[in-house]
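# Using only what follows, build the 3D model:
(2 chains)
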Amino acid sequence: MTHLSAFDLAIAALLVILLAILSARVQRDLAVQILIAALRTTVQLLLVGLVLKTLFTHVHWGWVGLMATFMLLVAGREVTARQARGLTRGWGIAVGTLSMFLSSFAVTLFALIAIIGTDPWYAPQYAIPLLGMLLGNTMSGVAISMDRLTQQAYQQRAEIEARLMLGQSSREALRDYKRDAVRAGLIPIINAMAAAGVVSLPGMMTGQILAGAEPVEAVKYQILIMFLIAVGTGLGTLAAVGIASRRLFDERQRLRLDRLQSARS
Amino acid sequence: MRLRAEGLRCEGLGPIDLAVEAGDCLCLSGPSGAGKTRLLRMLADLDPHQGSCYLDGVASARIPPPQWRKQVALLPAESRWWGVSVADHFPTDCLLELSSIDLPDKAWQWHVDRLSSGERQRLALLRVLANQPKVLLLDEPTANLDTRNAERIEALIADYQCNHQAAVIWVSHDAAQIARVSQRQLRIEQGRLLTTSEAAA
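So this is what the prediction gives:
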């Protein structure tokens, strides 16, 4: 593996600055956004590098658990951050966090104990990156599906209520829209699996190969990760859509759109 | 009493008490925004509310919501269609004949977006009647129809009301229609129920 020096990174940073200068001619805001985002990447990744380094030298389940919880809570907040009509009163965050906990945590634990068999099972070199990959991907699946479900419930409210009026249960009345929401949440990972290796070289595998790993080993890990992500995203999406659709109706099976936030511009 | 409501109330509407006998038709009128549609939605248990409704003496809370809405059926002013064909919107074991609403048998396969407004409303009424409701809540069922189609709808409802001893609550703006179809009239103004004599005063 060829070591990257600070100078090497500085050259790449220069390219980003060049891009910012170019885009400033189009729009000043855009240049500022690019620079801030680049700065955030640098600071956040350096910090996490330091945290991981500390974590690897002080292996204790408590620290790993703390880190995992922090990652989960941030992901839960991110899920609701860009919803057009999220659930009100903290339900959005709660549903997002719970469904990611159920899926990402369960799948990571399963992979650590039953598949990779690390020792101890919470070995941070495996646990944290694995959980990070899963949370990152589950997050978009959960966010897309919840957004789709609540948007559909709002836009198709007249159809849903027409079904209720004819005596359909809330479950029947929402079935088509739930199916649609789950499908929307799963499309990205299905695309990623279908295109892997042909259209795109997945990031983790590329990173491992760049870092000097044997390509076939890297590929095997990538396949494992893809499968785990698919399962995690699927479970997370199903859980989120399931819990959120219950929240859309009350105990008398009335459609309760007052439990959705008003549209954000 | 087929349908009885006690102290129905939601924000800006009520409290409202009313009762309709089996086979009777009660007409509701009043300015738009007075709460006619919201009252019907409360009776069909589609909106959260206070107070209670009874069907043949049984409280709505003791009847599962889908059953309640099949029995106390609301026909909204504008019908909604979620499927592709007409048949998609009827129960698979539907015994009703399309000939009863002057449509050929092959209309089951028609696409809903090709229906005329008259055909649409007749089908909307038929799919409500397919559930054999005991109470019909009609929200201006003939508002967007020409005279011929309006008469057909009126006849269908009168038939059903008579044959099934259904109670009907009919929201209408048309004074002639009100006189034709109903035994009793009430007005809603600013969320309050008035008898016609009060309204005239």
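# Output the lengthiest helix in chain B as CSV, restricted to C-alpha atoms.
Scanning chain B for the longest helix, with DSSP state H as the assignment, gives helix B:147-164. Below are the C-alpha coordinates for helix B:147-164, written out as CSV (Å, rounded to 0.1, in the frame of the first residue of the first chain):
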residue,chain,number,x,y,z
THR,B,147,-82.3,16.2,-14.6
ARG,B,148,-82.5,12.8,-16.3
ASN,B,149,-79.6,11.3,-14.3
ALA,B,150,-80.8,13.0,-11.1
GLU,B,151,-84.2,11.4,-11.5
ARG,B,152,-82.6,8.0,-12.0
ILE,B,153,-80.6,8.4,-8.8
GLU,B,154,-83.7,9.5,-6.9
ALA,B,155,-85.6,6.5,-8.1
LEU,B,156,-82.9,4.1,-7.2
ILE,B,157,-82.6,5.5,-3.7
ALA,B,158,-86.4,5.5,-3.2
ASP,B,159,-86.5,1.8,-4.3
TYR,B,160,-83.8,0.8,-1.9
GLN,B,161,-85.2,2.9,1.0
CYS,B,162,-88.6,1.2,0.5
ASN,B,163,-87.4,-2.4,-0.1
HIS,B,164,-84.8,-2.4,2.7
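# What mean pLDDT does it get?
Average pLDDT, helix B:147-164: 91.
# And for stretch A:113-131?
The average pLDDT for stretch A:113-131 rounds to 86.
# How is chain A divided into domains?
A:1-57, A:60-259 (automatic domain parsing).
# In the longest helix of chain B, which residues are buried?
Applying a neighbour-count criterion of 16 or more other CB atoms under 10 Å in any protein chain shown, one finds B:149, B:150, B:152, B:153, B:154, B:156, B:157, B:160, B:161 buried in helix B:147-164. Glycine gets a C-beta too; all of them are placed from N, C-alpha and C.
# Following the chain past it, name the next helix or strand.
For helix B:147-164, the following helix or strand on the C-terminal side (DSSP states H and E) is strand B:167-171.
# Briefly note if that next one comes near chain A.
No. Against chain A, strand B:167-171 shows no contacts by CB under 8 Å from any CB of the partner chain, the least distance being 14.3 Å.
# just to revisit the earlier point, so which of the domains of chain A gets nearest chain B?
domain A:60-259 (3.5 Å; CB to the nearest CB).
# And chain B, is that closest one touching that?
Yes. Using CB under 8 Å from any CB, domain A:60-259 reaches chain B at A:156, A:158-159, A:161-170, A:176, A:250, A:252-256.
# so of those residues, which ones are in helices?
Among these, the members falling in helices (DSSP H) are A:158, A:159, A:161, A:162, A:163, A:164, A:165, A:170, A:176.
# if you skip the residues just before and after it, what's nearest to the fourth one?
By that I understand residue A:162. residue B:80 (3.8 Å; CB to CB, 6 or more residues apart in numbering or on different chains).
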